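**Q** Need coordinates for the following:
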Amino acid sequence: MKKYDYLIVGAGLFGAVFAYEAMKRGKTCLVIERRDHIAGNIYCETIEDIHVHKYGAHIFHTSNQEVWNYINQFAAFNNYINSPIAIYKDELYNLPFNMNTFSKMWNIRTPQEAKDHIAQQIAALNITEPKNLEEQALSLVGTDVYEKLIKGYTEKQWGRNCTDLPSFIIKRLPLRFTYDNNYFNDRYQGIPIGGYTPIVEKMLAGADILTNTDYFEFIKEHPDVADKTVFTGQIDAFFDYKLGVLEYRSVRFETEVLDCENYQGNAVVNYTEREVPYTRIIEHKHFEFGKQPKTVISREYSSEWKKGDEPYYPVNNERNNQMYQEYQKLAETVPNVIFGGRLGQYKYYDMDKVIAAALETVQNEFGA
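**A** Numbering: from 1, shown residues only. Sure, this is the predicted structure:
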C-alpha cells in the first residue's frame, strides 16, 4: 500500500473538512470508514426520491459567518426553519416554549399573563436549591410546562427518572414571550438542497477512501501507512479502554415508507409522554418541502449504550468528564495522532461547531 501524509479515521464532517483542507495544501489523504458509506451521521440516503436523514434530523444552523460561508462552498441551502411540534396525550403544542405554547396551554394571550402563570407555579413550589433535574426544571418553568413537555421526553432520552438525573443537565430552559416558533436563535439556518451526502463527497474528492474498514484491524496490517493520523473514533477505544469505558446514549431508528403524501404536516414531531416508546417522528420530505406522492417517516427510540452499539450522545457527567480528561492526557503522549470530532473529543457538537473545531485543528496543523 502506498504511503500517505494523513490517515483519516472516520469519513464524517470533522474528518472530511480536515481532508479537504489538507489536500488543498498538497497533502495526500487516505480516509477509512467503519460503515459502508461516507458522511458519518449526516449521511442521507434516497428513498422514494426523498433525502432521508438516516441517523436522525440534521438541521444546519449557525451564527458563525465564517462557518456559514465555508459550508456554502459545497451546497446551496434552502430556507427551512425548524419549528417542532410536541404531542402530549391528545394535546398539541408548539416548540420552543413560546407564546403559542402558553396560549394553548392556559388560554391566554399576553406575555404578562404567561409570565404571571409561570411565576405563580414556581413560587408555589418553593424550591430554593434544586437537588435533581426535576426540581431544576420545575424551578425554571413551573409545573404545567414541565409535566407536559419536559418530564416524559427527558426520561425517555436518558432512560432514567428525572428525580435520578443531576440538575446540571438543564442549566436553563429558554422561555420566549413572543409568538415565534423558530427553534434556533441563529442568524443562518437551512437544509442543503440535495441532502448532506454530496457535501462530504465534494470534500473528499481527491482522497483515497476505504469503507467497511475497521481502524484497529487495518493498522495492524498497515502500521506505516501514513505520517500522521486524524482519529475521529472513540478516544477510549483507541486506548483499548485502559482507563475505563466512557458512557453514551444511543438511538435506534425505525424508518418506513407510507403510501400517503403527507403524514404529520411537519418535519419534527416530539412525543413527550413517557408511555409513548419513541421520542419523536421525523417526516423527512418536509426538510426540502417535498411534493413526492409517498412519504418516509422515522421513529426515534433512545436507548442505553453498550460496547458495540452506535454511540450518539456523550453522557457528560462528572465521572465521564474526569475520565475523558485522563484520556486526553494520554492522547497528548501519542505522537502524530490528532483526536477530533464528537467521539474523539467526547463532546456533543452541532454541525457548525464540528466545522469550526476542524478548521481550528487545520490552523494548528498547517498555520494560516
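**Q** Only C-alpha atoms from now on, for both contacts and neighbour counts.
**A** Fine.
**Q** could you show me where the helices are in the stretch 151-300 of the chain, in order?
**A** Assigned by DSSP state H, counting those that start in this stretch, the helices in the stretch 151-300 of the chain fall at 151-158, 197-204, 215-221, 235-238.
**Q** now the third one: how far from the chain's centre is it?
**A** Going by Cα atoms, centre = their mean, to the nearest Å, the spacing between the C-alpha centre of helix 215-221 and its chain's C-alpha centre is 28 Å.
**Q** what separates the residue sitting furthest away from the middle of the chain from G142, distance-wise?
**A** Distance from the C-alpha centroid of the chain peaks at A124, with 35.9 Å (Cα atoms, centre = their mean). Going from A124 to G142 by Cα to Cα, to the nearest Å gives 9 Å.
**Q** For the residue farthest from the centre of the chain, pull up the helix or strand it's in.
**A** According to DSSP states H and E, A124 maps onto helix 111-125.
**Q** Leaving out chain neighbours, which residue sits closest to L210?
**A** Spatially, and ignoring its direct neighbours in sequence, L210 is nearest to I32 (4.7 Å; Cα to Cα, 6 or more residues apart in numbering).
**Q** Please give the number of neighbouring residues around that neighbour.
**A** The tally of other residues near I32 (other Cα atoms under 10 Å) stands at 22.
**Q** Tell me which helix or strand comes right after the helix holding A124.
**A** With elements assigned by DSSP H and E, the helix or strand that comes after helix 111-125 is helix 133-145.
**Q** what helices or strands is that next one leaning on?
**A** Identification of packing neighbours for helix 133-145 by 3 or more Cα pairs under 8 Å, 6 or more residues apart in numbering; DSSP states H and E yields helix 111-125.
**Q** average pLDDT for the helix it packs on?
**A** For helix 111-125, mean pLDDT is 98.
**Q** so what secondary structure elements neighbour it?
**A** Packing partners of helix 111-125 (3+ Cα pairs under 8 Å, 6+ apart): helix 99-106, helix 133-145.
**Q** and the residue farthest from the centre of the chain, what is it in contact with?
**A** By Cα atoms under 8 Å, 6 or more residues apart in numbering, no residues touch A124.
**Q** thinking again about what came up before, please work out which of the helices and strands packed on helix 111-125 is packed deepest.
**A** helix 133-145 (a mean of 22; mean count of other Cα atoms under 10 Å).
**Q** hmm, who's touching that helix?
**A** 118-119, 121-122, 125, 127, 130, 146, 151, 162-170, 172-173, 175.
**Q** Just the buried residues out of these, in ChimeraX syntax.
**A** Selecting only the buried entries of the contacts of helix 133-145 in ChimeraX, with 16 or more other Cα atoms under 10 Å as the criterion:
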select :118,121,122,146,151,162,165,166,167
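**Q** Read off the pLDDT value for the closest residue in space to I127 that isn't next to it in sequence.
**A** Distances taken as Cα to Cα, 6+ apart place S139 nearest to I127, at 6.3 Å, with adjacent residues excluded. S139 is assigned 97 on the pLDDT scale.
**Q** Work out the gap between stretch 104-124 and the centre of the chain.
**A** 32 Å.
**Q** Next up, the contacts around T295.
**A** By Cα under 8 Å, 6+ apart, T295 lies in contact with E48, I50, V257, L258, D259, C260, E261, N262, Y263, E283, H284, K285.
**Q** The first one - how many residues pack around it?
**A** So the one you mean is E48. Counted with other Cα under 10 Å, E48 comes out at 14.
**Q** Also the second one?
**A** Other residues near I50 number 23, with proximity taken as other Cα under 10 Å.
**Q** Report the spatially nearest residue to it, omitting neighbours in sequence.
**A** Of all residues not flanking I50 in the chain, K285 sits nearest, at 5.8 Å (Cα to Cα, 6+ apart).
**Q** State the paired neighbours of the lowest-mean-pLDDT helix or strand in the chain in the sheet, together with their directions.
**A** When the helices and strands of the chain are compared on mean pLDDT, DSSP states H and E, strand 313-314 comes out lowest with a mean of 92. The pairing partners recorded for strand 313-314 under DSSP bridges are strand 248-258 (antiparallel).
**Q** buried sites along the strand it pairs with?
**A** In terms of neighbour count (16+ other Cα under 10 Å), strand 248-258 has its buried residues at Y248, R249, S250, V251, R252, F253, T255.
**Q** Format these as TSV; extra columns: distance to Y196.
**A** Shown next, in TSV, are those (distance: Cα to Cα, whole Å):
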residue	distance to Y196
Y248	24
R249	24
S250	22
V251	20
R252	20
F253	18
T255	18
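**Q** Can you pick out the most distant pair from the residues you listed?
**A** Across the buried residues of strand 248-258, no pair lies farther apart than Y248 and T255, at 22.5 Å, counting by Cα to Cα.
**Q** any idea how far the residue nearest to L210 is from C44?
**A** I32 is 19 Å from C44, by Cα to Cα.
**Q** Any idea how many residues pack against N321?
**A** By the measure other Cα under 10 Å, the count of residues near N321 is 17.
**Q** any idea which element it lies in?
**A** Assigned by DSSP H and E, N321 falls within helix 318-332.
**Q** and that helix, which residues are buried?
**A** Under the neighbour-count criterion of 16+ other Cα under 10 Å, helix 318-332 has N320, N321, Y324, Y327, Q328, A331 buried.
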